[in-house]
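Student: what would the 3D arrangement of this be:
(chains A and B)
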Amino acid sequence: MTKLFAPAAFAALVCAAVSSAACAQTPATNPMPDGSRDMYVGLGLASGARYQGAADTERSALPVLQVQLSNGLFVSGMRAGVHLGRSPQVEFGPLLEWQARRDAAGEGDELGGVGDMRFSLVAMPLAAYSDNRLAGMPVIHGRLQGGGFLNYYLTPDWRLTSSLLYGAGNARDGMKLELGVQRLALALGPHHRLAVDAGVSFGNRRYNSAFFGVGEDDSLLSGLPVFDAGGGLKDARIGVRWNWAWSPSWMLTSSVQATRLLGSARLSPLVERPTNLTVSTAIAYRF
Amino acid sequence: MPLASKITACCTLSLVALSAGSAYAGDWVSYRDAYRAMVVFEKYGGPKNFLQSQLQVAPQDRGASIEGLQLTLAGKTNQVNLPLDPLGRTPFPLLKGAYDENVALLLSRKIGSFAIRPRISIALQPDGVYEDGELRAACEQALGFARYGDGSLRSRQCGGVRFVFAKRALDVGVRLHRADGSDAALPVASGTAFPGDADDSFPTVLYRFAGNERVQLVTAYPPLAIVPLFD
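Tutor: Coordinates of the predicted model:
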């Protein structure tokens, strides 16, 4: 299946678009002139699981958007926030994230007020999924989650990351904690940068129930067994991204990320394959 | 997504990349990236009066020469030549207009693989005389700034300074004057100017801090740089 936008992958790639860094990482000292900004806009391709735990993959057109302002505001794909820290070693601040919609066709929906950008380049009716485990499951609507982030630099090249977001799921009470470690900006010559990221995610019971649980009504409609997802460890991930700067304005940004569902999420009847791979590449222009 | 499709997409993007990458005869650096690295020292609020910050173009190959290399800030309306010293350093102009324009810093020729780094060194004295206490204070300032950006340096201490001279300097050397009137020349050895540099053939003189004796260091010929050492 081919889609125009895949917000989950979108968020992952726009993070990769930053030449010297990653998501939500404008140093709190704002290394730019007052009143200036650093912005990337681009387009590429992504290939990833149709939804978390799906066995089938889909490819998507992938818009790239990253904006950093000198006052600390940033937009990074589906995330936006403000840097409040004063030290280059610690970054923290409030964070908003758009939780992508999930329906029978998979994950991905609106993109930041652009409207319903989800339509297939290759028409594929629902019935074409011979084993679509999302069929009959309730739609999880797109939601704005709120929370914060806290990053700590062990060295200028190594950083610990964390974010806590609340408001996912139709009941708006799902909470997700992400912890990670990143090796930033490994230089491979003057124009190539490699960054490695690994981490784990935790979801509270309501978060995991929303995305991996199967209620009695859902079971009747979907044919899946009832599953009561518990809170706790949700997944582990490792990823590599490569930025190739062609000029001060143009760059190619590519990434590969493997995610493995863990804990209660992995045991969900919705999960066909616990390990998913997301590959993406995009051309971005720096304003 | 079929593997063939992925390969096709990557090849297409790579071809675009190669054509875009050939725009410059020499090589280039993003002014904006350099600005982001260099402005940290400018915004640092700690003591730094003994220090100077410069941008360094550092070849990664030991045999690469930067002699005669030119670095030019290439804006749409004006071009500024940034002279590089024998260590590849130049004072970096922090210009909002150039940042907003996202201009390139152009190298006059290719030097193979290289890195762009901010380099902190101790400011030179016009008379070539350096008090031990001033060098210690300068090293402490440099360590304070280094710790500001890198928390892993908390356990490091100032150990001394390294005088780095030009390879063709007329008079390489540093003399140590003690309070009792004695005078001695410190040994000269080949080495790198800064940690991580590839070229290890610069004449250098190492001065290690020891005791509380009041001493003076005198250079007959100006060094290229005085580099703080952290142990």
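Student: surely A:Ile283 meets A:Ser254?
Tutor: No. Counting by Cβ atoms under 8 Å, A:Ser254 is not a contact partner of A:Ile283; they are 10.2 Å apart. Any C-beta I mention is one placed from the backbone N, CA and C, and that applies to glycine too.
Student: give me the common contacts of the two.
Tutor: Counting by Cβ atoms under 8 Å, 6 or more residues apart in numbering or on different chains, A:Ile283 and A:Ser254 have no shared contacts at all.
Student: which of the helices and strands in the chain ranks last by mean pLDDT?
Tutor: Picked chain A for this. One helix or strand of chain A scores below all others by mean pLDDT, DSSP states H and E: helix A:7-16, with a mean of 40.
Student: can you check chain B too?
Tutor: For chain B, counting by mean pLDDT, DSSP H and E, that's helix B:3-21 with a mean of 45.
Student: which SSE is immediately downstream of that helix?
Tutor: strand B:27-30 (DSSP states H and E).
Student: which stretches of chain B form helices?
Tutor: If DSSP state H is used as the criterion, the helices of chain B fall at B:3-21, B:31-43, B:96-101, B:132-149.
Student: could you check how far B:Ile226 is from chain A?
Tutor: Separation of B:Ile226 from chain A (Cβ to the nearest Cβ, to the nearest Å): 23 Å.
Student: grab the nearest non-local neighbour of A:Val82.
Tutor: A:Gly93 (4.6 Å; Cβ to Cβ, 6 or more residues apart in numbering or on different chains).
Student: and the one you found, which of the three is it?
Tutor: strand (DSSP: H, G, I helix; E, B strand; the rest coil).
Student: surely it meets A:Leu84?
Tutor: Yes. With contact defined as Cβ under 8 Å, A:Gly93 counts as touching A:Leu84 (4.2 Å).
Student: compare neighbour counts for those two and give me the winner.
Tutor: Between A:Gly93 and A:Leu84, counted using other Cβ atoms under 10 Å in any protein chain shown, A:Gly93 has the larger neighbour count: 19 against 13.
Student: residue contacts, that one?
Tutor: Contact analysis of A:Gly93 by Cβ under 8 Å, 6+ apart lists A:72, A:81-85, A:148-149.
Student: now do the residue nearest to the spatial centre of chain B against chain A, distance only.
Tutor: In chain B, the centroid-proximal residue (Cα atoms, centre = their mean) is B:Arg119; its distance is 3.3 Å. For B:Arg119, the distance to chain A equals 14 Å [Cβ to the nearest Cβ].
Student: any idea how chain B splits into domains?
Tutor: Per automatic domain parsing, the domain ranges recorded for chain B read B:25-119, B:127-230.
Student: check what pLDDT the residue nearest to A:Asn71 when sequence neighbours are not counted gets.
Tutor: Using Cβ to Cβ, 6+ apart and skipping the chain neighbours, the partner closest in space to A:Asn71 is A:Asn30 (7.3 Å). A:Asn30 carries a pLDDT value of 79.
Student: and A:Asn30, that's in a strand?
Tutor: No. Using three-state DSSP, the assignment for A:Asn30 is coil, not a strand.
Student: sorry, back to before: now mean pLDDT too, for the domains of chain B, in a markdown table please.
Tutor: Listed next are these as a markdown table, based on pLDDT from 0 to 100:
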| stretch | mean pLDDT |
| --- | --- |
| domain B:25-119 | 90 |
| domain B:127-230 | 92 |
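Student: for the closest residue to A:Gly180 other than its chain neighbours, give the beta-bridge partners.
Tutor: Spatial nearest neighbour of A:Gly180, chain neighbours left out: A:Gly199 (2.7 Å); criterion: Cβ to Cβ, 6+ apart. A:Gly199 has these beta-bridge partners by DSSP bridges: A:Gly180, A:Arg237.
Student: equivalent analysis for B:Ala74, please.
Tutor: B:Gln79, B:Ala104.
Student: listing partners with orientation, what would you give for the helix or strand containing A:Gly148?
Tutor: Per DSSP H and E, A:Gly148 falls inside strand A:143-153. Strand A:143-153 has these partner strands in its sheet, going by DSSP bridges: strand A:90-99 (antiparallel), strand A:158-168 (antiparallel).
Student: and for residue 89, the neighbour number?
Tutor: I went with chain A, as the question did not name one. With other Cβ under 10 Å as criterion, A:Gln89 counts 20.
Student: not what I meant, chain B
Tutor: For B:Arg89, using other Cβ under 10 Å, the count is 26.
Student: so it makes contact with B:Arg117?
Tutor: No. Using Cβ under 8 Å, B:Arg89 is not in contact with B:Arg117; the gap is 9.4 Å.
Student: any common contacting residues for these two?
Tutor: B:55-56.
Student: which parts of stretch B:139-154 are buried?
Tutor: Neighbour counts using 16 or more other Cβ atoms under 10 Å in any protein chain shown place B:139, B:141-145, B:147-151, B:153 of stretch B:139-154 among the buried residues.
Student: go on, stretch A:213-223?
Tutor: By 16+ other Cβ under 10 Å, the buried positions in stretch A:213-223 come out as A:213-214, A:218-219, A:222.
Student: one step back: who is the residue nearest to A:Val82 paired with across the strands?
Tutor: According to DSSP bridges, the partner residues bridging A:Gly93 are A:Phe149.
Student: check the gap between B:Gly63 and B:Asp199 for me.
Tutor: 9 Å (Cβ to Cβ, to the nearest Å).
Student: more crowded one of these two?
Tutor: Higher neighbour count among B:Gly63 and B:Asp199: B:Asp199, with 21 against 8, using other Cβ under 10 Å.
Student: tell me which residues touch the more buried one, please.
Tutor: With Cβ under 8 Å, 6+ apart, B:Asp199 has these contacts: B:59, B:62, B:192-193.
Student: one step back: residue contacts, the closest residue in space to the residue nearest to the centre of chain B that isn't next to it in sequence?
Tutor: Excluding the flanking residues, the one nearest B:Arg119 by Cβ to Cβ, 6+ apart is B:Gln56, at 4.5 Å. By Cβ under 8 Å, 6+ apart, the contact set of B:Gln56 is B:87-89, B:116-119, B:194.
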